[in-house]
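Peer 1: Pasting a predicted model and its sequence here:
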Amino acid sequence: MLTQGGTARSPQIAADDRREEAIATSTKPGHSAAMDTSPENIRFVIQAMVILVLSIGVHEFGHAFVADRLGDGLPRSQGRVTLNPLAHADPIGTFMFPLFGMLAGAAAPGWGRPVMVQPTRFTRRFSMDIGHLFVAIAGPAMNLLFGSLIGVLHIVLIKTGVLGGGSPLHGALQLGVVLNFMLMMFNLIPIAPLDGGTVLRGLLSTKARHTYDQVAVYGPFIVIGFMILPPLRGFITGPAQFLARQLYSLGGIG
């Protein structure tokens, strides 16, 4: 939770905090999952969708950019080395699934179109496995960078007095920070088909990879579990909110 300069927060900021946390929590047991079409929730959903689309675009751009720098021309030929979020959007994963999830009051992680890479075209400065590891880690790293930049911008706007206590931008900027940190944590889960699974596999010995590959066939079901089961989802939302609090604390907003 954020307060400005140690002073009491305004009701507007407190409300924005609660909406920011709504994207990081799912419907509580026994809580109705009926669509919430109140004006306040619609505004929150619009803000969240804009931020999510931009954040997914940044994530996929990171994969494409690093693959391109390593010598693989496929992402560039497919128009993926761009910050245009629409070039990376998936109709279901970027728009439909998150939108209906948010309207229902549930956490709904989104995803973009996977960036296709050809590790055999990577520069020989690194092995194909290491190159693929770099490409995988680039997506979550971009979310960490993007979330941090949004947080720094928010802190500067508060410190300089540009944003008043009642500005609706407080909630949008806080949401941008937390959502990007959530995307980073979600994608770092060390199971296929997520980026964390690719990173882990690249660090394993040949023998260990064989065991990992046997378990990885169940990866999509494990990923779904992290998306819908509150105890598992806490491994994503908890660290994301902790990182956001630490970022704002470093900026003098505790």
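Peer 2: Thanks, I have the structure now.
Peer 1: Only C-alpha atoms from now on, for both contacts and neighbour counts.
Peer 2: Fine.
Peer 1: Can you classify the most centrally placed residue in the chain by secondary structure?
Peer 2: When the chain is reduced to its mean C-alpha position, the nearest residue by CA atoms, centre = their mean turns out to be residue 183, at 1.9 Å. Reducing the assignment at residue 183 to three states with DSSP: H, G, I helix; E, B strand; the rest coil gives helix.
Peer 1: how much space between it and residue 141?
Peer 2: With distances defined as CA to CA, to the nearest Å, the gap from residue 183 to residue 141 amounts to 10 Å.
Peer 1: and if you look at residue 103?
Peer 2: Using CA to CA, one gets 29 Å for the distance from residue 103 to residue 141.
Peer 1: likewise residue 214?
Peer 2: According to CA to CA, residue 214 stands 28 Å off from residue 141.
Peer 1: now residue 96
Peer 2: In this structure, residue 96 and residue 141 are 25 Å apart, going by CA to CA.
Peer 1: out of the two, which sits in the more crowded spot?
Peer 2: For residue 96 against residue 141, the residue with the higher neighbour count under other CA atoms under 10 Å is residue 141, and the figures read 19 against 12.
Peer 1: Now do the contacts for the more buried one.
Peer 2: Shown in contact with residue 141 (CA atoms under 8 Å, 6 or more residues apart in numbering): 59, 62, 184.
Peer 1: what's near enough to touch the second one?
Peer 2: Put plainly, it is residue 62. Contact partners of residue 62, counting by CA under 8 Å, 6+ apart, are 135, 138, 139, 141, 142.
Peer 1: May I see the buried residues of the host helix or strand of the fourth one?
Peer 2: It refers to residue 141. Using DSSP states H and E, residue 141 maps to helix 128-159. Buried positions in helix 128-159, judged by neighbour count with 16 or more other CA atoms under 10 Å: 128-148, 150-152, 154-155, 158.
Peer 1: Listing request: residues of the stretch 1-150 of the chain with sub-threshold pLDDT.
Peer 2: Within the stretch 1-150 of the chain, the segments meeting pLDDT under 70 span 1-34, 106-109.
Peer 1: Pull out the buried residues from the host helix or strand of residue 99.
Peer 2: In this structure, residue 99 sits in helix 97-103 according to DSSP H and E. By neighbour count with 16+ other CA under 10 Å, helix 97-103 contains the buried residues 98, 99, 101, 102, 103.
Peer 1: Nearest to residue 233 among these?
Peer 2: residue 101 (14.7 Å; CA to CA).
Peer 1: How much space separates the closest one from residue 207?
Peer 2: 40 Å.
Peer 1: ok, back up a step: check the offset of the helix holding residue 141 from the chain's centre.
Peer 2: Here the centre of helix 128-159 is set off from its chain's centre by 10 Å, with CA atoms, centre = their mean, to the nearest Å.
Peer 1: go on, stretch 156-166?
Peer 2: Distance of stretch 156-166 from its chain centroid, counting by CA atoms, centre = their mean, is 25 Å.
Peer 1: Same question for stretch 175-190.
Peer 2: Taking CA atoms, centre = their mean, one finds stretch 175-190 lying 3 Å from the centre of the chain it belongs to.
Peer 1: neighbouring contacts of it?
Peer 2: If you take CA under 8 Å, 6+ apart as the criterion, stretch 175-190 is touched by 20-21, 23-24, 48, 51-52, 55, 109, 139-141, 143-144, 146-148, 150-151, 194-200, 236-237, 239-241, 243-244.
Peer 1: List the contacts of residue 240.
Peer 2: Taking CA under 8 Å, 6+ apart as the contact definition, residue 240 lies against 178, 179, 181, 182, 185.
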